[in-house]
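Participant: here is a sequence with its predicted model. Questions after.
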Amino acid sequence: MNNRKTEIGVGLFISAGFIALLFLALQVASTGTITNGETYTLKAKFDNIGGLKVRSPVKVGGVVVGRVSSIQLEQLVPVVSMDISKDYTFPETSSLSILTAGLLGEQYLGLEPGFTMEGMDIGMLEEGAYIQDTKSALVLEELIGQFLFGQSNED
Amino acid sequence: MILDGLAGIGRQGLNFFATMGRAGIMLFNALWALPNIKKSWPLLLRQLYVVGVQSFAIIVVSGLFIGMVLGLQGYTILVGYGAENSLGPMVALSLLRELGPVVTALLFAGRAGSALTAEIGLMKATEQLSSMELMAVDPLRRVIAPRFWAGFLSMPLLAFLFSAIGIWGGYLVGVEWLGVDQGNFWGVMQAAVDLNRDILNGFIKSLVFAVVVTWIAIFRGYDCVPTSEGISQATTQTVVHASLAVLGLDFVLTALMFGE
Amino acid sequence: MSDNAYVEVKNMTFSRGERVIYEDISLSIPKGKVVAVMGPSGIGKTTLLRLIAGQLKPEKGQIIVDGENIPALSRNGLYEARKKMSMLFQSGALFSEMSVFDNVAFPIREHCKLPEDIVRSMVLMKLNSVGLRGAANLMPSELSGGMARRAALARSIALDPDLIMYDEPFAGQDPISMGVLIRLIRSLNDALGLTSIVVSHDVNEALSIADYVYIMANKKIVGHGTPAQLAKDDSPLVHQFMAGEADGPVPFHFPSQPIEEELAEVLK
């Protein structure tokens, strides 16, 4: 009798704990399994990566398709590696740019899928491939500098 | 004078290490042998009830209130920057990363830890542990081990409960009362909370706290001076030492997990 | 006598911190007898029982129980050896969260894999022998001191041990329960063929049931013999203890400087 009450109490307690975990995992955390599913790696060189960080998202038209896995310098040029979901493939002519979400938001990589044309030999990007067409981050100071420089030239 | 002081410090240091040593030996002896499942299960069940189920109410109520306070405070701060849409991630991240594991551990030390110390201390004072030993039943395995495992298993579950209820409390205040958009609250939260980085790390934290708090509680009881004064002192020590250990370890773990 | 000794202590020295409790003592407890160990309080009679049970380790000497040297045993060996002995604590030490029945069933359930109905009949038999069968379902907190001690006695004989140690069984008992306990100790010893060690400072009660008596004082054994022999013993220590005199070889005062000096300092 007493033992039964204990068993029921403990059972309820454990279930409540797991329901809480389920709630946290499904309702609170991101349900997109981009980083957990199968991925392949793409790389890209930039002149300047600005405020890009490891784990920054890679988006196509606003949809997250992958995340930055590492940022390194190779021969003094920044190289960004990305884990891209296997669900998506992109042609070699795709371009990559570092964009900012809003005026003060986080920086992310915008991937612009390139064209494919029959008859032309355009392959798809595979594991470890480099995206050739990249646009670096906008650095505010350089922008202002260019603007001022351009102004003074006109005079 | 100086020599006396140095000798005092040395003695304190030796005492400290001796205590650590006794605590380690106790835990090792309690856990090293594989338990007899058929005999241990009812004991564990009973302790899960005492340690887990009876801490349930305090965890749920505190979680709800802390979540509601987070919602209210967060809103008044964030609305000044026009960023009240970030209320969701603020509430969720503070709970999952810090408040869930830490406050649960502190409450657990006060509610279950002190009770464990007092119970074991009283068993020692009334010679129940001794008589068990003389009946060739090892009190470390019969009394200490099930209590340790119960604490170890309960704390993460309680921490999950705390965070979940807290987030719901934040939702109640933020969305239902203050009018933050519901879609934004959950959507922005989901974009910001990561299963591995936030939920898993919170889980690891609460496991570490579970070991430390339960260990301190049962050791203080087991090692207490078997008088009423000794037991009350041991109970106080449990709460103080466990709370300090939790807060200190929290800093170390946070630095390891989230520090660059 | 040492041929059939069940417990034998040889040249044992034990001290707690700086304080020496026993200095080079030897004694032997013959099989099947009730042996009383008496002495003034505070000289560590309980400590002797804990030494025999292996809960404490002596500095020097041997403690041999049923042919095994207790201090030299491994942890597991010690637990095996303890299955043959049991101890009745001064407080009874019943487990407060279990009923009297579960308390007595505890050692049986822990050590034997028996079906529940056999456990039940064993427990009821043990409780019957101490006269508490009717109290099986009470909790220890509902028992009087004397009943608690009898329940604890039932628990200590649950597994039919070879050796049973009583720690101050008569302390704080009313005359009726004292009489009951004396009878129980004697009859259990004879009926079950136990060896009993009774530690006590209640001279008359201990003498009335003991076959052999050791008297301890000042870290030593100061006298031993059958109760009849001891009554005739003329050593001052034994005499002081048996007659209950306040001062003698065992000083009334805790060691201190003479009272005149201390008072003189206070009055200065």
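Facilitator: Yep, it's here.
Participant: got phi/psi on the residue of the stretch 151-260 of chain B found nearest chain C?
Facilitator: As assessed by Cβ to the nearest Cβ, chain C sits closest to residue B:226 within the stretch 151-260 of chain B, at 11.0 Å. For glycine as for every other residue, the C-beta is placed from the backbone atoms N, C-alpha and C. Dihedral pair for residue B:226: phi -80, psi 60, per degrees, to the nearest 10.
Participant: burial measure for it, as a count.
Facilitator: Neighbours of residue B:226 under the rule other Cβ atoms under 10 Å in any protein chain shown: 16.
Participant: test my guess that it contacts residue B:128.
Facilitator: No: if you go by Cβ atoms under 8 Å, residue B:226 and residue B:128 don't touch, sitting 10.6 Å apart.
Participant: re earlier: and the residue of the stretch 151-260 of chain B closest to chain C, how far from residue C:15?
Facilitator: 20 Å (Cβ to Cβ, to the nearest Å).
Participant: nearest spatial neighbour of residue B:104, chain-adjacent residues omitted?
Facilitator: Leaving aside its sequence neighbours, residue B:104 sits nearest to residue B:159 (Cβ to Cβ, 6 or more residues apart in numbering or on different chains; 4.3 Å).
Participant: list the contacts for the spatially most central residue of chain A?
Facilitator: Against the mean C-alpha coordinate of chain A, by Cα atoms, centre = their mean, the closest residue is residue A:57 at 2.1 Å. By Cβ atoms under 8 Å, 6 or more residues apart in numbering or on different chains, the contact set of residue A:57 is A:64, A:66-68, A:108-109.
Participant: same check on residue C:130?
Facilitator: Residues in contact with residue C:130, defined by Cβ under 8 Å, 6+ apart, are C:150-151, C:153-154, C:184.
Participant: distance of the residue of the stretch 151-260 of chain B closest to chain C relative to residue B:125?
Facilitator: Distance of residue B:226 to residue B:125, given as Cβ to Cβ: 4 Å.
Participant: what does residue C:137 give?
Facilitator: 26 Å.
Participant: more neighbours: which of those two?
Facilitator: Neighbours per residue, other Cβ under 10 Å: of residue C:137 and residue B:125, the larger number sits with residue B:125, 17 against 10.
Participant: pLDDT at that one, what is it?
Facilitator: Residue B:125 carries a pLDDT value of 89.
Participant: in this structure residue B:245 contacts residue B:213, no?
Facilitator: Yes: counting by Cβ under 8 Å, residue B:213 is a contact partner of residue B:245 at 7.5 Å.
Participant: those two: who's more crowded?
Facilitator: residue B:213 (29 against 18).
Participant: which parts of chain A sit against chain B?
Facilitator: Residues of chain A lying close to chain B (Cβ under 8 Å from any Cβ of the partner chain) are A:3, A:6-7, A:9-10, A:12-14, A:16-21, A:23-25, A:27-31, A:35-36.
Participant: mark which of those are buried, thanks.
Facilitator: Buried members of the residues of chain A next to chain B, counted by 16 or more other Cβ atoms under 10 Å in any protein chain shown: A:6, A:9-10, A:13-14, A:16-17, A:20-21, A:23-24, A:27-30, A:35.
Participant: before we move on, back to that, what sits against the residue of the stretch 151-260 of chain B closest to chain C?
Facilitator: With contact set as Cβ under 8 Å, 6+ apart, residue B:226 has these partners: B:121, B:124-125.
Participant: distance from the chain centre to the helix or strand harbouring residue A:147, please.
Facilitator: Per DSSP states H and E: residue A:147 is located in helix A:140-154. Put simply, helix A:140-154 sits 31 Å off its chain's centre (Cα atoms, centre = their mean, to the nearest Å).
Participant: over to stretch C:79-97?
Facilitator: For stretch C:79-97, the distance to the chain centre is 11 Å (Cα atoms, centre = their mean).
Participant: what's the answer for stretch C:94-104, then?
Facilitator: 21 Å.
Participant: so does that stretch get close to chain A?
Facilitator: No: Stretch C:94-104 is not in contact with chain A by Cβ under 8 Å from any Cβ; minimum separation 10.8 Å.
Participant: ends of that stretch, what's the gap?
Facilitator: 9 Å (Cα to Cα, to the nearest Å).
Participant: picking up where we left off before, report the beta-bridge partner residues of the residue nearest to the centre of chain A.
Facilitator: Under DSSP bridges, the beta-bridge partners of residue A:57 are residue A:67.
Participant: look up how far residue C:84 lies from it.
Facilitator: Computed with Cβ to Cβ, the distance linking residue A:57 and residue C:84 is 71 Å.
Participant: pull out the buried positions in stretch B:110-117.
Facilitator: For stretch B:110-117, a neighbour-count test (16+ other Cβ under 10 Å) marks B:110-117 as buried.
Participant: tell me which of those residues fall in helices.
Facilitator: Among the buried residues of stretch B:110-117, the members found in helices (DSSP state H) are B:114-117.
Participant: low-confidence stretches in the stretch 101-250 of chain C?
Facilitator: Residue ranges of the stretch 101-250 of chain C with pLDDT under 70: C:244-250.
Participant: just the strands in it please.
Facilitator: Assigned by DSSP state E, counting those that start in this stretch, the strands in the stretch 101-250 of chain C fall at C:163-167, C:195-200, C:212-217, C:220-225.
Participant: can you check the pLDDT for residue A:37?
Facilitator: 68.
Participant: what lies in contact with stretch B:115-125?
Facilitator: For stretch B:115-125, the external contacting residues (Cβ under 8 Å, 6+ apart) are B:50-51, B:129-130, B:139, B:143-144, B:147, B:151, B:214, B:217-218, B:220-222, B:224, B:226-228, B:230-231, B:234-235, B:237-238, C:95-96.
Participant: okay, and which of these map to helices?
Facilitator: Of the contacts of stretch B:115-125, the ones assigned to helices by DSSP H are B:129-130, B:139, B:147, B:151, B:214, B:217-218, B:220-222, B:228, B:230-231, B:234-235, B:237-238.
Participant: filter the residues you listed by proximity to chain C?
Facilitator: residue B:130.
Participant: name the nearest residue to residue 66, sequence neighbours excluded.
Facilitator: No chain specified, so I'll use chain A. In space, residue A:66 is closest to residue A:84, 3.8 Å off (Cβ to Cβ, 6+ apart).
Participant: wrong one, chain B
Facilitator: Spatial nearest neighbour of residue B:66, chain neighbours left out: residue B:166 (5.4 Å); criterion: Cβ to Cβ, 6+ apart.
Participant: so the one you found makes contact with residue B:99?
Facilitator: Yes: Residue B:166 is within contact range of residue B:99, at 6.8 Å (criterion: Cβ under 8 Å).
Participant: what is in contact with the two at once?
Facilitator: B:66, B:70.
Participant: between those two, point out the one with more neighbours.
Facilitator: Per other Cβ under 10 Å, whichever of residue B:166 and residue B:99 has more neighbours is residue B:166, with 30 against 22.
Participant: pLDDT weak spots in the stretch 1-150 of chain B?
Facilitator: In the stretch 1-150 of chain B (pLDDT under 70), the answer is B:34-35.
Participant: quick check: residues of it near chain C?
Facilitator: By the rule Cβ under 8 Å from any Cβ, the part of the stretch 1-150 of chain B lying against chain C is B:39, B:122-123, B:126-128, B:130-138, B:142.
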